[in-house]
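K.L.:
sharing a model prediction with you, sequence too.
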Amino acid sequence: MPSSEDALRLQAMFEFAIDGIIVINHRGIIEEINPAAVKLFGYSTEEVIGRNVSMLMSNPHRDAHDGYINRYQETRKARIIGIGREVEGLKKDGTHFPFSLGVVEVKLQDRIIYTGFVHDLSTQKSAEKRMMELNHSLEEIVEERTNELTKTVNRLLKVKKELEHEVLERKKAEDALLASEFELKEALQKEKVLNELKTRFVSMASHEFRTPLSTIMSSAALTGRYEEGDQQDKRMKHINRIKNSVQHMTGILNDFLSIGKLEEGLVGIQLEVIDLSNLTQSVVEGLHGILKSHQEIVITDSLATSSFSLDQKMVRNIMINLLSNAIKYSPEGSTIQLRLDQVGEEIRIQVQDQGIGIPEEEQAHLFSRFFRAANAMNIKGTGLGLNIVKSYLDLLNGRISFVSKQGEGSTFTVYLPTDLG
Ligand code: ADP
C-alpha cells in the first residue's frame, strides 16, 4: 500500500503532468482523467468519467477498441500496452489530432486497470507537415530550376554546336576564297609574266632578227650571182652564213618557247636510261658548226659507267647552252674543256673556257632572266639561256655554280643527282 505521502506525490504528478493521463478499467471505461487530458480533448472531467475511452478516438481505433482490450486479455498479446504507438484522437468539437499513446497495465489486488499516457503530437506533426510541404515545394522549385537549367544548357549546347558549325563553314568558305584568290593571283602573275615575255619577244625579235635576216637576204642574193662551176667555195661560204643566221634565229625562238613553257608549268621531267658519254659526244659534234676558227672542245670523260636515268632533252639543252656560251664568249683558237665525272651520288659536268669572263660585280645576277653582262653587249645574246638551265636543274634536283675572272675565263659546274627515278 502506498503511504499517504506517496499518494500525494502521485496525485500531484497526475494533476500537473503536461501530458494527458487516462485510467481505464478492463472494459475500457474511463475511471480517471487528468486536467491535461481533459483540456486536450476539450471535455470536462464529468463528461468523460464512466464512459468508454473509445469516445476519445477516431476510427478505425474507436470501433475496434473494445475488441483490442478483450483480445489482449484473452491472448496477452500486446499491440499497444508496453509498446506505445501513434493514434488519432477525437476532440469534443469533432476535430482529429495525432497523439502518441503509451499504455501500462496496472494489476491491482482485485482487478486490472490500464493507464494511458497521451502526448499531443499536433504541433510536432504540423511542423513536420510544414517541413514536408516546404521540402516538397523546395524539391519542386529545385526540380523546376533544374529543368530550366537543363533546358538553358541544352539551348546553349545547341547554339554552341550551331556556332561551331557556322565557324567551320565560314572557315571552309574563307579557305576556299583564299585558295581561289591565291590561284587567281598566280594565274594573273603567270599571265603578266607571259605578256612581258611576249612584249620582250616582239622587241627582241625585231632587233635581233634584223641582222640575220639581212645576212640571209644578201647571202642568198650573192649565191645567185655565183653561176660559174668554179665558184662553189663562194657559194658554200654564203650558204653557211645563211645556215648560221637561221640557226641563230631558231636558237632565240627556242629559248622563248622554253621559257614560255616553263612559265606555264608545262615542263615535266621525262626520265629514260641514257648513255651520257654518247650524248656528250653528239652534243659536241652538233656544235662544230658554230666553233670559231681554231677553237676546239676537249672532252675528258672520267665516268666509270655512262648509263644513267636522266631527262635526255634537258641534259642536252643544259650542255648546249653552257658550251655555246663558252664558244660565244671566248676567242678564236681557244680551247674549251668539257669534263664529265661522278662525285658520290652525283654526276658532275664542267665547262671551262678561256674567254672574256664575267665582271665580278655582275656575277650575282647571272641566272636572272634577260640578264646580260656589260662586257657581253656587243656579242649576240638574249640573256635567257642560263635562266633556262637553272630552271631545268631545279626540276631535276640539280644545281649549278661557276667561277669566273674577267679577261681570263669561266668554269661552269653542274651537279645532277643519279637517283632521280
Ligand atoms: P646570252 O648568252 O644569250 O646572253 P645567257 O643566259 O646564256 O644568255 O647568259 C647570260 C649572260 O651571262 C651573258 O649575256 C654573258 O654576259 C654571261 N655569260 C654566260 N656564259 C658566259 C661565259 N662562258 N663567259 C662569259 N660570260 C658569260
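P.N.:
Received the coordinates, thanks. Numbering: from 1, shown residues only.
K.L.:
average pLDDT across stretch 226-244?
P.N.:
For stretch 226-244, the mean pLDDT works out to 88.
K.L.:
which SSE is residue 304 in?
P.N.:
Here residue 304 is covered by no helix or strand, with elements defined by DSSP states H and E.
K.L.:
show me what contacts it?
P.N.:
residue 342 (Cβ atoms under 8 Å, 6 or more residues apart in numbering). The way it works is simple: take the backbone N, C-alpha and C, and place the C-beta from them, glycine included.
K.L.:
for residue 82, give me the pLDDT.
P.N.:
So, for residue 82, pLDDT stands at 66.
K.L.:
for residue 55, see how far away the closest residue to residue 205 other than its chain neighbours is.
P.N.:
Leaving out its chain neighbours, the residue that sits closest to residue 205 by Cβ to Cβ, 6 or more residues apart in numbering is residue 252, at 7.1 Å. According to Cβ to Cβ, to the nearest Å, residue 252 stands 135 Å off from residue 55.
K.L.:
so these two - more neighbours on which side?
P.N.:
More neighbours surround residue 252 than the other of residue 252 and residue 55, with 19 against 16 (other Cβ atoms under 10 Å).
K.L.:
can you name the residues of the stretch 201-350 of the chain that neighbour the ligand?
P.N.:
321, 325-326, 329 (Cβ under 6 Å from any ligand atom).
K.L.:
of those, which belong to helices?
P.N.:
The helices, defined by DSSP state H, take in 321, 325-326 from these.
K.L.:
quick one: residues contacting residue 223.
P.N.:
So residue 223 contacts 235, 238-239, 242 (Cβ under 8 Å, 6+ apart).
K.L.:
equivalent analysis for residue 41, please.
P.N.:
20, 48, 56, 89-92.
K.L.:
got a winner among those residues for most neighbours?
P.N.:
residue 56 leads the contacts of residue 41 on contacts (other Cβ under 10 Å) with 28 neighbours.
K.L.:
for residue 122, see how far away the residue nearest to that one when sequence neighbours are not counted is.
P.N.:
Spatially, and ignoring its direct neighbours in sequence, residue 56 is nearest to residue 41 (5.3 Å; Cβ to Cβ, 6+ apart). According to Cβ to Cβ, residue 41 stands 12 Å off from residue 122.
K.L.:
what's the answer for residue 383, then?
P.N.:
In terms of Cβ to Cβ, residue 383 sits 115 Å off from residue 122.
K.L.:
give me the more crowded residue out of these two.
P.N.:
residue 383 (18 against 14).
K.L.:
can I assume the more buried one is in contact with residue 369?
P.N.:
Yes: using Cβ atoms under 8 Å, residue 383 is in contact with residue 369, at 6.9 Å.
K.L.:
output the lowest mean pLDDT helix or strand found in this structure.
P.N.:
helix 61-75 (a mean of 76; mean pLDDT, DSSP states H and E).
K.L.:
show me what it is packed against.
P.N.:
strand 85-90 (3 or more Cβ pairs under 8 Å, 6 or more residues apart in numbering; DSSP states H and E).
K.L.:
just checking, what packs against the strand it packs on?
P.N.:
helix 35-41, helix 61-75, strand 96-107.
K.L.:
now do 6 Å
P.N.:
strand 96-107 (3 or more Cβ pairs under 6 Å, 6 or more residues apart in numbering; DSSP states H and E).
K.L.:
any idea how far the ligand is from the residue nearest to residue 56?
P.N.:
Distance, residue 41 to the ligand, using Cβ to the nearest ligand atom, to the nearest Å: 127 Å.
K.L.:
next one: residue 123
P.N.:
For residue 123 relative to the ligand (Cβ to the nearest ligand atom), the value is 113 Å.
K.L.:
what is the subsequent helix or strand relative to the helix or strand containing that residue?
P.N.:
Assessed by DSSP H and E, residue 123 sits inside helix 122-208. Once the chain leaves helix 122-208, the next helix or strand it forms, by DSSP H and E, is helix 210-225.
K.L.:
may I see the buried residues of that next one?
P.N.:
212, 215-216, 219, 223 (16 or more other Cβ atoms under 10 Å).
K.L.:
any idea which helix or strand comes after that helix?
P.N.:
That would be, after helix 210-225 and using DSSP H and E, helix 232-263.
K.L.:
just how off-centre is that next one within its chain?
P.N.:
The chain centre lies 57 Å from the centre of helix 232-263; the measure is Cα atoms, centre = their mean, to the nearest Å.
K.L.:
for the ligand, what's the nearest residue on the stretch 51-200 of the chain?
P.N.:
Relative to the ligand, the nearest point of the stretch 51-200 of the chain is residue 200 (12.7 Å; Cβ to the nearest ligand atom).
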